[in-house]
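Student: Structure of the sequence below:
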Amino acid sequence: MLSAEQELVHIPHFHSQKLKRDVGPRMSELGSPIYKIPVEVLTQIFQQVVDVDADILDLPLQESYSSIGLAITLSSISFGFRQVALRTADLWRRVTFKKVDKCIHHFNPLLRHSSSHADHLDLTIYFNKNPYPDIIRLVAEVLCSPAIRPKVRALRLDCYVELCRWGNLDTKLTSFLNLDTLTIALDRHDRGSELHLSAVPLRRLHISGGSWFLKSISLHPSVQVLHLDSVPLQGMVMDVLKTCPNLVECSLSLHYWESIRSRILFSNPIILQHLRRLSLPIHHDICTVESLRDLKLPALEFLKLGFHDHSTINPSNLTLFCRHVSTTLKSLSIDFSDSWEYGGFHRLFELPFPNLEHLELCTTVPKCLADAVRALIPAEDGNNDLYFPRLCVLALEYPIQKGDGFEPLPKLVLDLLNTWKVGETSNFHLDFKINKCFGRAVDRMWSPELREELKLMIERRQFLEVTRNTEREWLYEN
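Tutor: Residues are numbered from 1 along each chain as shown. Okay, the predicted model is just below:
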């Protein structure tokens, strides 16, 4: 778009009077109070509107889609806004094409426009199912063009397109020299494909969708953040972990059928010196003593373990695993199976957790949760400091159905708070995580007498906070 002065110069003289009438109001905008705002302040306002600090991996598709739209809107309000917007590189870096095959004629111009104003590009490209081959070819050509390719820092392909239709995707990605983050949603019918990224020095990788059909994955040692959803664990995970010694964060989830028939065996010790966050699915074959002894995680701080259906793991094996990491953990979240009883919990909680600040216990079995809380209550002659001296958050996820152990849970929670004496001199937050559909049913478990006892405890302990799904008002509702 030409400025007002440029428009006057480029139009023949006999049109100048008409042009002045059209452009005049725009010229007068320069006297508006909005233009008295310093450019630095206006730039920060624009950055807040577009949320330039949001991570492409964390943004829902709709929010990501609105980013470039907001930038275009801001630059269309007035001449002054446009000048500030075009000089703010962060506004143009996050570009999302929702159903790119429906707006393919805008794909190249919009990418080039953003590339000319942004220091780098974070791209999200979403296809309808079964796009035409010409659409895929055109998208690949534009992405690999000299004007776009060097600017791409993050690429999110929500494509659900078979890898073979991209035509050597791994080879194309090696030419993206500044690519830092890659996330791919694969087609669920993409059976037997291979994804070789060993020549692509990524820092973050997220694969979802049909990854459990992948035949193999190879990665560059530079990968620090790895998320594999619905992944086939048998063999593949071990190969991946061995080639990623610099992992800092790792999250794995299983496809339902894989949770039944696959297994993880950690052989030939795998040492991940820098791994701080681990989310791991637990099923019946994962926790053999021999396997766990060979998984070394000396820096682990955040551990999330989720049990799948048909899990019958021996609690002592999980306790063995936690013994190697308990002293460094700051957060522990466990979704227990129905095979756990008081004894298993007690042995786990007897381990030293000197740095643990956040503990979350989840289960679908009422008795299992009651046993877990009971195991947290130390014996009369026990020392609470030996359990969790730095614990400041305890989250309990209520089961969605009634059963043995459901009724006594509120009384056990009160016993736990009384024994620990938390919230007297330092902050302590107890949160009940409850499915909203069952909230009222769970509330009825708290009799008026138990509610009053909990209210009185909160009043006496100024640092104690008790919430239901982070809401404080639940305790005072009728």
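Student: what about residue 416, which helix or strand?
Tutor: helix 409-420 (DSSP states H and E).
Student: outside of that helix, which residues touch it?
Tutor: Outside helix 409-420, the residues that touch it by CB atoms under 8 Å, 6 or more residues apart in numbering are 366, 369-370, 373-374, 376-378, 384, 396, 398, 423, 430, 445-447, 450, 453-454, 457, 464. No exception for glycine: its C-beta is placed from N, CA and C like everyone else's.
Student: Take those residues and keep only those in strands.
Tutor: Using DSSP state E, the members of those that fall in strands are 396, 430, 464.
Student: What is the burial count for residue 394?
Tutor: By other CB atoms under 10 Å, the residues close to residue 394 number 23.
Student: Note down every partner strand of the host helix or strand of it and its orientation.
Tutor: Assigned by DSSP H and E, residue 394 belongs to strand 393-397. Neighbouring strands of strand 393-397 in its sheet, by DSSP bridges, are strand 358-362 (parallel), strand 428-433 (parallel).
Student: Mean pLDDT added to the ones you listed, as a markdown table?
Tutor: Converted to a markdown table, those look like this (pLDDT from 0 to 100):
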| stretch | mean pLDDT |
| --- | --- |
| strand 358-362 | 93 |
| strand 428-433 | 91 |
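Student: Reformat the ones you listed as CSV; add mean neighbour count and distance to residue 330.
Tutor: Formatted as CSV, the strands paired with strand 393-397 follow (neighbours: other CB atoms under 10 Å; distance: least, CB to CB, whole Å):
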stretch, mean neighbour count, distance to residue 330
strand 358-362, 20, 7
strand 428-433, 19, 15
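Student: could I get these as CSV with distance to residue 68?
Tutor: Rendered in CSV, the data for those read as follows (distance: least, CB to CB, whole Å):
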stretch, distance to residue 68
strand 358-362, 36
strand 428-433, 36
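Student: count of neighbours near residue 469?
Tutor: Using other CB under 10 Å: residue 469 sits among 12 other residues.
Student: Equivalent analysis for the one 5 residues further on, please.
Tutor: Close neighbours of residue 474, defined as other CB under 10 Å, add up to 17.
Student: Check what pLDDT residue 180 gets.
Tutor: Residue 180 is assigned a predicted lDDT (pLDDT) of 94.
Student: What does it show for phi and psi?
Tutor: Main-chain torsions, residue 180, degrees, to the nearest 10: phi -110, psi -40.
Student: and what of the one 5 residues further on?
Tutor: Comment: the main-chain dihedrals of residue 185 come out as phi -100, psi 110, following degrees, to the nearest 10.
Student: Kindly report the same for residue 89.
Tutor: For residue 89, the backbone dihedrals (degrees, to the nearest 10) come out as phi -60, psi -30.
Student: ditto for the one 5 residues further on
Tutor: Backbone dihedrals for residue 94, given as degrees, to the nearest 10, come out at phi -100, psi 110.
Student: For it, list each beta-bridge partner.
Tutor: As assigned using DSSP bridges, the partners bridged with residue 94 are residue 122.
Student: ok, now how distant is it from residue 322?
Tutor: 40 Å (CB to CB, to the nearest Å).
Student: out of those two, which sits in the busier spot?
Tutor: residue 94 (28 against 20).
Student: Next, the contact list for that one, please.
Tutor: Counted by CB under 8 Å, 6+ apart, residue 94 has contacts 50, 52, 54, 56, 64, 67, 68, 121, 122, 124.
Student: Which of those scores worst on pLDDT?
Tutor: residue 64 (50).
Student: Let me know the secondary structure of residue 474.
Tutor: helix (DSSP: H, G, I helix; E, B strand; the rest coil).
Student: Just confirm it contacts residue 468, I think it does.
Tutor: Yes. Between residue 474 and residue 468 a contact is recorded at 4.0 Å, counting by CB atoms under 8 Å.
Student: could you pull out the helices for the stretch 1-150 of the chain?
Tutor: Ranges of helices within the stretch 1-150 of the chain are 4-10, 16-28, 39-50, 61-76, 79-86, 104-117, 133-143, based on DSSP state H, counting those that start in this stretch.
Student: those strands in the stretch 151-300 of the chain, which residues are they?
Tutor: According to DSSP state E, counting those that start in this stretch, the stretch 151-300 of the chain carries its strands in the segments 152-158, 181-185, 194-197, 204-208, 216-219, 225-231, 249-254, 270-271, 277-282, 295-296.
Student: related to what we said a few turns ago, tell me the mean pLDDT for the helix holding residue 416?
Tutor: Here the average pLDDT along helix 409-420 is 89.
Student: Which pLDDT value goes with residue 267?
Tutor: 54.
Student: Now for residue 434: which residues touch it?
Tutor: With CB under 8 Å, 6+ apart, residue 434 has these contacts: 397, 398, 442, 468, 469.
Student: Could you count how many residues lie near the residue nearest to it when sequence neighbours are not counted?
Tutor: Closest residue to residue 434 apart from its sequence neighbours, by CB to CB, 6 or more residues apart in numbering: residue 398 at 4.8 Å. Counted by other CB under 10 Å, the residues lying close to residue 398 total 22.
Student: pretty sure residue 158 contacts residue 99?
Tutor: No. Judged on CB under 8 Å, residue 158 makes no contact with residue 99 at a distance of 10.1 Å.
Student: Name the residues contacting each of the two.
Tutor: Common neighbours of residue 158 and residue 99 (criterion: CB under 8 Å, 6+ apart): 126, 127.
Student: and the residue lying closest to residue 346 once chain neighbours are set aside, what does it touch?
Tutor: Leaving aside its chain neighbours, residue 346 sits nearest to residue 375 (4.4 Å; criterion: CB to CB, 6+ apart). Taking CB under 8 Å, 6+ apart, we find residue 375 in contact with 342, 345, 346, 348, 349.
Student: which one is the second one nearest to, not counting chain neighbours?
Tutor: Yep, that's residue 345 we're talking about. Here the residue nearest residue 345, using CB to CB, 6+ apart, is residue 375, at 3.5 Å.
Student: how close does residue 416 get to residue 376?
Tutor: From residue 416 to residue 376 the distance is 6 Å (CB to CB).
Student: circling back: tell me which residues of the helix holding residue 416 come out buried.
Tutor: Buried residues in helix 409-420, counting neighbours by 16 or more other CB atoms under 10 Å, are found at 409, 410, 411, 412, 413, 416, 417, 420.
Student: I appreciate the help and will end here.
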